[in-house]
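> show me the folded form of this:
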Amino acid sequence: MNTIIENIPSPRLEPVLKAKRSQPPALEGRFEYADPPADFNRVLELSLSNAYHWRCIDLISDAAVGVGYETDGKARAFLEEISQGEPFLDLLKRFAVDLEWSGNAYLEVARDARGRVAELYNVHAQTMWIAPDEAGNRPGGYAQIVAETPVPFSPLGRPRGDRNEMLHARTFTPLSSFYGLPRWIAVLDTLRLDQEKKTFLASFFHNSAVPDLAVVLEGAEFDKATEEALRRALTEMKGANNAHRTLLMSIPFDNAKIRFEKLTADLKDLHFKELSESTDSEIIAAHGVPPRLVGMMTPGQLGGGGEVTGQLELFMETVIKPRMRFLEGQVQRLLRAADIGADFKLTPIDVGALTAEDEAGTPSVSQKILKSLEAQLS
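Sure, this is the predicted structure:
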């Protein structure tokens, strides 16, 4: 009996968290940069692979930046001028998105010939590397790697030569003294499981909904030419354009039988719907976002106004306001670097106005509140 195995190759699950990686070729032998606690390019890839996850990131970032800000006239003019022609809050929103998906956010600060802060740019978190100072206990420099040549930066407030400065904000993690990790990091493997599920399904349909097969010949052995022809036929039948084709096989052996045996369970036996619901719920819970705000309805809940009001208030107090205070602190750092002593406060979403409704608690009230919330964030 001779057997040919036809399977779908899949990549090995490489570690993402605690993933020590060698420095890029552009850095090797030139700088001593700290290894990040995760492969941030892979973290970004996983973040973009789940719609609920990215919706949570976008929603939290929008709500944390708020609907405006309060400061004095000099500080307002300064912030709007250095953001290069776009509203300062739009720049701050991009900063907040990077902080939310990676736990790190960076703003490049450029000074004019007189040493005044003149320009501000958002720098993508996945492109940045951090160098410890001589004591090894705080950042001494930064480098952005996009092409082969690193672009060095000095820490904010410690100018060095003609380098621009870098304002770096991070979410604390005990896994690194220099980089941050996002608050939702505990569901990183859940995101990877969700991505593997989607890859499995995509591969299944790419192969015309044919599962992994064992081709078994009984009573004879495949000669090399027959084996190659069979492999070629199975390969050519893959893909959506080859769906519903018929494979005609002629066995040039007397008293021989050929059969196909599945190596995987039937798709209906694999509980993908339950898996998706479980992973999506876990991901949303890790963000602390009320499921309704990202379009997920929880079975058994009517969605009355009182319930939605409580969820929104808890969301604002436990998730959004701490992030607002953190962002305000980063803007204060920028103002101090520019020798501007003004206070800076973000204007939060007015949950009280959103939840001003009657006590009927009907589902339509919930929809009105959610639409109003989206309108304030837009």
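
> can you show me the helices along the stretch 201-350 of the chain?
For the stretch 201-350 of the chain, the helices defined by DSSP state H, counting those that start in this stretch cover 224-236, 272-287, 305-315, 321-337.

> what of the stretch 51-200 of the chain?
Using DSSP H, counting those that start in this stretch, helices in the stretch 51-200 of the chain cover 51-65, 73-82, 88-102, 188-206.

> so which of the ones you listed gets nearest A169?
Shortest distance between A169 and the helices of the stretch 51-200 of the chain, using Cβ to Cβ, is found for helix 88-102: 6.0 Å. For the C-beta atoms, the positions are set from N, CA and C on the backbone; glycine is no exception.

> list the helices and strands that closest one packs on?
Using 3 or more Cβ pairs under 8 Å, 6 or more residues apart in numbering; DSSP states H and E as the contact test, the elements touching helix 88-102 are helix 40-47, helix 51-65, strand 68-70, strand 104-111, strand 117-123, strand 165-170, helix 321-337.

> low-confidence bits of the stretch 101-250 of the chain, can you list those?
In the predicted model, the stretch 101-250 of the chain carries pLDDT under 70 at residues 204-214, 217, 219-220, 222, 234-250.

> show me what contacts E70?
Applying Cβ atoms under 8 Å, 6 or more residues apart in numbering, we find E70 in contact with D343, F344, K345, T347.

> let's go with 10 Å and repeat that
E70 makes contact with R76, A342, D343, F344, K345, L346, T347, according to Cβ atoms under 10 Å, 6 or more residues apart in numbering.

> out of the residues you listed, flag the one nearest to M324.
So of the contacts of E70, ranked by how close each gets to M324 (Cβ to Cβ), first place is L346, at 5.0 Å.

> give me the buried entries from the contacts of E70.
A342, F344, L346 (16 or more other Cβ atoms under 10 Å).

> between these, which is nearest V319?
L346 (14.4 Å).

> for that closest one, give me the pLDDT.
For L346, the pLDDT comes out at 97.

> returning to that earlier point: hey, least reliable of the helices of the stretch 201-350 of the chain by pLDDT?
Across those, the lowest-scoring stretch is helix 224-236, with a mean of 73.

> re the thing from before, narrow the buried ones among the contacts of E70 to those in strands?
If you go by DSSP state E, these have L346 in strands.

> which one of the buried ones among the contacts of E70 is nearest to P150?
F344 (32.2 Å).

> unless I'm mixing things up, that closest one is touching L335, no?
Yes - between F344 and L335 there is a contact at 6.4 Å, judged by Cβ atoms under 10 Å.

> can I get the helices of the stretch 201-350 of the chain in a markdown table with distance to S102 and mean neighbour count?
Formatted as a markdown table, those follow (distance: least, Cβ to Cβ, whole Å; neighbours: other Cβ atoms under 10 Å):
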| stretch | distance to S102 | mean neighbour count |
| --- | --- | --- |
| helix 224-236 | 40 | 13 |
| helix 272-287 | 14 | 16 |
| helix 305-315 | 22 | 18 |
| helix 321-337 | 14 | 17 |
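
> tell me which of those helices sits nearest to S83.
Of all the helices of the stretch 201-350 of the chain, helix 321-337 comes closest under Cβ to Cβ, at 10.8 Å.

> L120 versus L175, what's the distance?
29 Å (Cβ to Cβ, to the nearest Å).

> picking up where we left off before, most widely separated two among the contacts of E70?
A342 and T347 (15.5 Å).

> hmm, back to that, which of the helices and strands packed on helix 88-102 sits closest to Q311?
helix 51-65 (13.0 Å).

> state the mean pLDDT of the closest one.
On average, helix 51-65 scores 95.

> got the helices and strands packed on helix 88-102 as a markdown table, with distance to E196 columns?
Putting the helices and strands packed on helix 88-102 into a markdown table (distance: least, Cβ to Cβ, whole Å) gives the following:
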| stretch | distance to E196 |
| --- | --- |
| helix 40-47 | 11 |
| helix 51-65 | 15 |
| strand 68-70 | 42 |
| strand 104-111 | 26 |
| strand 117-123 | 31 |
| strand 165-170 | 29 |
| helix 321-337 | 31 |
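
> tell me the bridge partners for T347.
G68 (DSSP bridges).

> ok, it - contacts?
Contacts of T347 (Cβ under 10 Å, 6+ apart): V65, G66, V67, G68, Y69, E70, L89, M324.

> same deal with I57?
47-48, 96-102, 182, 184, 287, 289.

> can we see that at 7 Å?
Residues in contact with I57 (Cβ atoms under 7 Å, 6 or more residues apart in numbering) are S47, V97, E100, W101.

> quick one: the third one from F78, how far?
It refers to E100. 26 Å.

> do the first one as well
The gap separating S47 from F78 is 33 Å, by Cβ to Cβ.

> before we move on, the earlier item: for P132, find the nearest of the helices of the stretch 51-200 of the chain.
Of all the helices of the stretch 51-200 of the chain, helix 88-102 comes closest under Cβ to Cβ, at 19.5 Å.

> residues in contact with stretch 177-197?
In contact with stretch 177-197 (Cβ under 7 Å, 6+ apart) are residues 13, 16-17, 34, 36-38, 46, 49-50, 53, 100-104, 130, 132, 137, 139, 170-173, 175, 272, 275, 279, 282-283, 286-287.
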